[in-house]
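[1] sequence? don't have it. structure:
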């Protein structure tokens with residue numbers, strides 16, 4: 001079955017915190033955004049959660065499969081609900097405002113809050 005609550009291990013949380021807050025290169029949010037791009041096939045063919053989850057399990061983050069799936073589900077939500085808000089910038093205020101609607105579900109799935117990220121531009 002698929003984990004829905006407290007799915008990230010202490011090692012997962014440590015890896016997220018090592019990558020750190022913010023939206024700069026190497027930050028946790030940037031790594032998630034880069035992996036989300038691997039899931040985003042095209043505007044019309046949809047979003048492949050498995051591809052995003054696999055990306056998050058690569059050595060640069062090495063999240064466990066259960067934890068990676070939390071973020072892949074958030075990526076799926078973003079694709080289906082926020083694609084127009086996020087099309088030009090994944091860290092725009094408009095994009096964050098839209099994806100924030102999923103934050104409580106994501107936090108429940110992780111079992112903790114991910115490193116903070118502020119909008120990088122209007």
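    Received the coordinates, thanks. Note that the coordinates shown come from a computational prediction; the quantities given were computed from them, not determined experimentally.

[2] tell me which residues in the longest helix seen in the chain are buried?
    Criterion DSSP state H: the longest helix present in the chain is helix 65-86. Neighbour-count burial for helix 65-86, with 16 or more other CB atoms under 10 Å as criterion, is recorded at 66-79, 82, 85-86. Bear in mind the C-beta positions are built from the backbone N, C-alpha and C, glycine included.

[3] check stretch 44-53 too.
    Counting neighbours by 16+ other CB under 10 Å, stretch 44-53 gives 47, 48, 49, 51, 52, 53 as buried.

[4] now the end-to-end length of it.
    End-to-end span of stretch 44-53 (CA to CA, to the nearest Å): 20 Å.

[5] that one: how far from the chain's middle?
    Stretch 44-53 has its average C-alpha position 12 Å from the chain's average C-alpha position, going by CA atoms, centre = their mean, to the nearest Å.

[6] could you pull out the strands for the protein?
    Defined through DSSP state E, the strands belonging to the chain, from first to last, are 40-42, 46-47.
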